[in-house]
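Participant: Fold the following for me, if possible:
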Amino acid sequence: MRYIMELATAFLGSLGFAMLFHVRSQKLLLASLGGLLAWGIYLLMGLVTDQDVVRYFVSSVVLTVYAESLARIVKCPATLFIVTAAVPLIPGGSLYHTMEYFMRNDLAACSAQGLTTVLLAVAIAVGILFPTSIFQLVQRIGIFAKKSHK
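Facilitator: Numbering: from 1, shown residues only. Down below sits the predicted model:
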């Protein structure tokens, strides 16, 4: 039941964010499903590893492949799907705890939690950057290959 609630919350969070940024109604469901997918992968990766950085990275890679593929199918920018799908992955809890330790003047815990927060953010960023770069490289090679045949 807990996982169903988490997945529903991820979907609704992505949906709310998409609505906030006026995503067209035809693409709302697709954008929201990306958030559900991202969090679902995060939960599934929990069966493989307990390392949050790895779980966030793999989730980001999968959501980016989803977004890049969907962008080509529905003919719109991948950013629309990447941004809304990444919402459930934002490490807000980790950042909250970093600030909590700072306010308690527990600098050792603040430093450790701050490092974790930064690592999670980097995992998300690299997880998005890696497949996006591959998609762009393949697209450019495809374009150059088409031009060379003429």
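Participant: where does the chain have low pLDDT?
Facilitator: For the chain, the stretches with pLDDT under 70 are 143-150.
Participant: show me where it has helices.
Facilitator: Under the criterion DSSP state H, the chain contains helices at 2-20, 25-45, 52-74, 78-86, 92-103, 107-148.
Participant: any chance of the ones you listed in JSON lines, plus mean neighbour count?
Facilitator: In this view, the C-beta of every residue, glycine as well, is placed from N, C-alpha and C. As requested, the helices of the chain are exported to JSON lines (neighbours: other Cβ atoms under 10 Å):
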{"stretch": "helix 2-20", "mean neighbour count": "16"}
{"stretch": "helix 25-45", "mean neighbour count": "20"}
{"stretch": "helix 52-74", "mean neighbour count": "20"}
{"stretch": "helix 78-86", "mean neighbour count": "23"}
{"stretch": "helix 92-103", "mean neighbour count": "14"}
{"stretch": "helix 107-148", "mean neighbour count": "14"}
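Participant: wait, isn't S32 in contact with T9?
Facilitator: No - applying Cβ atoms under 8 Å as the test, S32 and T9 come out as separate, 11.5 Å apart.
Participant: Now do the spatially most central residue of the chain against A109, distance only.
Facilitator: Centroid check for the chain by Cα atoms, centre = their mean gives A86 as the closest residue, at 3.0 Å. Computed as Cβ to Cβ, to the nearest Å, the A86 to A109 distance reads 27 Å.
Participant: now swap in A31 and tell me
Facilitator: Taken as Cβ to Cβ, the span from A31 to A109 is 36 Å.
Participant: now swap in T98 and tell me
Facilitator: Taking Cβ to Cβ, one finds T98 at 9 Å from A109.
Participant: same check, this time on G34
Facilitator: G34 is 34 Å from A109, by Cβ to Cβ.
Participant: I'm done for today, thanks for sticking with me.
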